[in-house]
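Q: Take this sequence and fold it.
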Amino acid sequence: MARSDGILLTEEQLQALEKAKQEKEAHGEIETEHPGYLGSQDTYYVGTMKGVGRIYQQTFVDTYSRVAFACLYTEKNAVTAAHALNESVIPWFEERDTPLLRILTDRGTEYCGKIEHHAYQLYLAIEDVDHTRTKARSPQTNGICERFHRTMKQEFRKRRYLGRYFAHPMMQNRRAKRDDYKPSAVRVTQRYVP
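A: Here you go, the predicted structure:
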């Protein structure tokens, strides 16, 4: 007999708990049968904005339909992870009469904790959504979100640099007189907006 959190368990019970824990862990490729069968959620550090601070993106991708949701927050915690589901994801699935059955996340503090005290775990329990965690130190398991993050980064980088090029006043009208290009407050802010 062994003690686990103040409860006496037999060897068989401990083995059954360990087996259940391993089954809850995601391994290998993800196979889904229909929309809402499995959603993948992850947190991405976007960057720091002057006057605001750090910006984090909560990302959710349905692994069957590849429908993605992204919400920006100034904090990385369980409340923001649950808020992203509550405000965007769950209502979208409810509009289509499709239940969200399971969510795959990494083992970050915003997703994992004791069910009794953790906001994200409590929210999943209320919504009756199963929670599967990736294997420790293997971000490839949650590759759908990782790929979405990379695509977003590439697209924003393209738009940022192309936008600077085409927003320049000289590129918009080559034949305009030189006096038209004296710096004004609007032109200066347009030129330096990232």
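Q: Report the secondary structure state of residue 131.
A: What DSSP: H, G, I helix; E, B strand; the rest coil gives for residue 131 is strand.
Q: Isn't it up against residue 103?
A: Yes: between residue 131 and residue 103 there is a contact under Cβ atoms under 8 Å: 5.7 Å. All C-beta atoms are positioned from the backbone trio N, CA, C, and that covers glycine.
Q: Tell me which residues are up against stretch 74-86.
A: The contact list for stretch 74-86 (Cβ atoms under 8 Å, 6 or more residues apart in numbering) reads 41, 43, 45, 52-56, 58, 60, 69, 71, 73, 103, 108-111, 113, 118-124, 127.
Q: again, 7 Å this time
A: Residues outside stretch 74-86 that contact it (Cβ atoms under 7 Å, 6 or more residues apart in numbering): 41, 43, 52-56, 58, 60, 69, 71, 73, 110-111, 113, 118-120, 123.
Q: quick one, which of residue 131 and residue 103 is more surrounded?
A: Neighbour count, other Cβ atoms under 10 Å: between residue 131 and residue 103, residue 103 has more, with 22 against 17.
Q: Identify the residues contacting the more buried one.
A: Residues in contact with residue 103 (Cβ under 7 Å, 6+ apart) are 39, 41, 124, 129, 131.
Q: With residue 36 instead?
A: By Cβ under 7 Å, 6+ apart, the contact set of residue 36 is 62, 93, 98-101.
Q: Sounds good, over and out.
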